[in-house]
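Peer 1: Okay, here's the prediction I keep looking at, along with the sequence it came from:
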Amino acid sequence: PDWKYVDLEKPLDFERVEQDPSFFFERYNQDLIIDEAQLCPDLFKALRGIIDSNRTKKGRFIITGSSSPELLTNISESLAGRVAIILLGALKANEYYKLPLSSFYTMFESPDFSKERIVDGIPPLSNEQMQHIWFYGGYPEPVIGNKSKGNIDININQDFYQRWMDFYFETYI
């Protein structure tokens, strides 16, 4: 909560960074989140210099973008060897239902994994819950925007969902 957040889709934030990225990073050289970074490719050149000025200090910046091909191109051209890339997909079923991951996944964490360690048990989610995620995907807007308060409602507003998906396909796919 005490990190500086900059959203490059906001004209004022974009102007601050784009006008003089080096000056911006001199002022905000750590604990900085830049959202929609692909909108300002020049910031990556300036960021490289800031990172190189103190390579021992890690984790000073979080750079995000919803258009991953553009973002990855900019990062790979100027920050290779200086960044870690984490791609976030749609919500997983357990995230949507606010449940921990199934114990099935933890068996793979152990270095002594064997067939004897395979977990038997009752799955944490019902078939109906899993089908809801499979059929509607895990994009937050169409599925979470239709949940009833305090309870997971798997009855989704079909009109809203269909409009959202049509717009998504039209603008992104």
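Peer 2: Cool, the structure landed.

Peer 1: quick one, strands of the protein?
Peer 2: 4-7, 32-35, 61-63 (DSSP state E).

Peer 1: now the helices: where do they sit in the protein?
Peer 2: Assigned by DSSP state H, the chain shows helices spanning 11-19, 21-27, 42-53, 68-78, 93-96, 103-106, 127-136, 140-144, 158-171.

Peer 1: circling back to that earlier point, can you tell which of the strands of the chain is closest to M165?
Peer 2: strand 32-35 (23.9 Å; CB to CB). C-beta: built from backbone N, CA, C; applies to glycine.

Peer 1: could you say what helices and strands that closest one packs with?
Peer 2: Contact here means 3 or more CB pairs under 8 Å, 6 or more residues apart in numbering; DSSP states H and E; on that basis strand 32-35 packs against strand 4-7, strand 61-63.

Peer 1: quick one: low-confidence ranges for the protein?
Peer 2: 67-72, 74-77, 117-121, 143-156, 172-173 (pLDDT under 70).

Peer 1: go with 80
Peer 2: Applying pLDDT under 80 to the chain picks out residues 66-78, 80, 85-90, 102-123, 133, 135-158, 168, 171-173.

Peer 1: picking up where we left off before, which one of the helices of the chain lies nearest to D35?
Peer 2: That would be helix 11-19 among the helices of the chain, by CB to CB, at 8.7 Å.

Peer 1: quick one, the closest one and helix 42-53 angle?
Peer 2: 60 degrees (axes from the mean of the first three to the mean of the last three CA atoms, to 10 degrees).

Peer 1: got the contact list for helix 11-19?
Peer 2: Residues outside helix 11-19 that contact it (CB atoms under 8 Å, 6 or more residues apart in numbering): 6-8, 24, 34, 39-40, 42-43.
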